[in-house]
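Trainee: Everything below, folded, please.
(4 chains)
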2 protein chains.
Amino acid sequence: MKQEKLTIGQFSELVGLSTYTLRYYENEHLIVPKRDDNNRRFYTQDDVKWLGFLLHLKGTGMTMSEIKTYVQFRAQGDSTNRKRQKLLEEVKKRALDQIAETKRNLEVISHKIDWYDKKENAVIDEDESFENYLEKMKNNKGEA
Amino acid sequence: MKQEKLTIGQFSELVGLSTYTLRYYENEHLIVPKRDDNNRRFYTQDDVKWLGFLLHLKGTGMTMSEIKTYVQFRAQGDSTNRKRQKLLEEVKKRALDQIAETKRNLEVISHKIDWYDKKENAVIDEDESFENYLEKMKNNKGEA
DNA sequence: ACTTGACTTAGAGTTTACTCTAAGTAATAG
DNA sequence: CTATTACTTAGAGTAAACTCTAAGTCAAGT
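Mentor: Sure thing, here's the model as predicted:
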C-alpha cells in the first residue's frame, strides 16, 4: 500500500506539515524533492525517512540553521560523518542540559504546588513564606 | 550586606535582566517596583524573591501571557490559591510531556551517533541503513 | 468547460519576547 | 560644571520559524 511517489499534498498530510512549510523548507534546502515531467514535486520513501529524522532533530531543539549545516555535511558524503556526529553530540548535550535545567525549575514549581495544598489544609503556618518553606524542603532532601 | 532598596541598575545586575527588559516586564505588569520621591524605581527583597520565582516559571516554559494570568490571580489574594495551583499543575504537566518527547527524540539521535561510530569502525555493514539499524535497536531494548 | 491541485516569485503578516533608539527631563556625585 | 543614572512616550528593529496572499500559469480528471 505504500506508494512510491507522493505529491506535495499527500506528503503534507503524511508528515503533518503544511505545503507552505514544505516549500519553505525546500527554499532553505532542508528537503529537496525530485520533480516529474510537469515540474511537479514528488516525494519518495527516502524523503519520508529523511523528514522523519529531521523532525527528530527539530524535536531536540536543533535550529533550522544547524539542520542546514547538517544537510550540507550530508551532501558531502561519508567524509563528513565525524562532523555530523560531533554536531549531533553537541545538540544532544544541549538538550540534556536543557532538560536538567527545566527539571530544576520544575522542582520549585512542584514545591509551590505542594505549598498551596498545605496552606489549603492549614498544614503549615499561615505566615510561612514560600521561600522559607522551600529552603526547608531543600534541606530535607531524601528524608521522609 | 543586603540592601533594602535596589535601583533598576543594581537589580538588573543582580537578576541578569537588562533594564530594558525590566521596564518591559513592568509594562506587562509582571513586576511592578515601588517608586521613591523622585519617581525612580526601587526594588525590594520581595521583588528579588518574586523575580526569582518568575524566572523559575519561565524556565518551565510558561509564556508571558500565562505568567500575566498568574500575576492577576496573585493580586486577587488567597482566594485564588486553587486557581494558581491548577495553573502551575498544567504548566508542570506540559513541561513533563515536553521533556518526555524530547527524550524520545534524543533516543533516535543517540542511536544515530552510535551508528556513526559503528560505521566508522566497520562494526555494521556498509550498506546497513540507519532506519534498519534503528529498528533493530528498538527491538533489542533491554537486552545486552 | 470547469474544478482541483500543482507551479512560480515576491513579499507581507504573525507570534513571542525582547532590545534598542530618539528626544527630552531631572536629580545626584565628584 | 559635567558625567552618570534614571525617568518618560512612542515606536522601530530583531530573531526564528513559519504562514499566507497575490497573480498568473498549467495539466489532469469529470
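Trainee: list the helices and strands the strand or helix carrying A:E135 packs on?
Mentor: Taking DSSP states H and E as the criterion, A:E135 maps to helix A:130-139. Secondary-structure packing of helix A:130-139 (3 or more C-beta pairs under 8 Å, 6 or more residues apart in numbering or on different chains; DSSP states H and E): helix A:81-120. Every residue, glycine included, has its C-beta placed from N, CA and C.
Trainee: Give the buried residues for the helix it packs on.
Mentor: With burial defined by 16 or more other C-beta atoms under 10 Å in any protein chain shown, the residues of helix A:81-120 counted as buried are A:81, A:83-85, A:87-88, A:91-92, A:95, A:98-99, A:102, A:105-116, A:119.
Trainee: Look at the residue lying closest to A:D36 once chain neighbours are set aside and say how many residues are nearby.
Mentor: Distances taken as C-beta to C-beta, 6 or more residues apart in numbering or on different chains put A:F42 closest to A:D36, at 5.5 Å, once the chain neighbours are dropped. Counted by other C-beta atoms under 10 Å in any protein chain shown, the residues lying close to A:F42 total 17.
Trainee: and if you look at A:L51?
Mentor: 21.
Trainee: Would you enumerate the residues in contact with it?
Mentor: The neighbours of A:L51, taking C-beta atoms under 8 Å, 6 or more residues apart in numbering or on different chains as the test, are A:F11, A:V15, A:L17, A:I31.
Trainee: repeat that with 10 Å
Mentor: Going by C-beta atoms under 10 Å, 6 or more residues apart in numbering or on different chains, A:L51 touches A:F11, A:L14, A:V15, A:G16, A:L17, A:L22, A:Y25, A:L30, A:I31, A:P33, A:Y43.
Trainee: ok, A:R40 touching A:F11?
Mentor: No. Using C-beta atoms under 10 Å, A:R40 makes no contact with A:F11, being 11.7 Å away.
Trainee: Could you check the angle the lowest-mean-pLDDT helix or strand in chain A makes with helix A:81-120?
Mentor: Lowest on mean pLDDT, DSSP states H and E among the helices and strands of chain A sits helix A:130-139, with a mean of 92. Here helix A:130-139 runs at an angle of 120 degrees relative to helix A:81-120 (axes from the mean of the first three to the mean of the last three C-alpha atoms, to 10 degrees).
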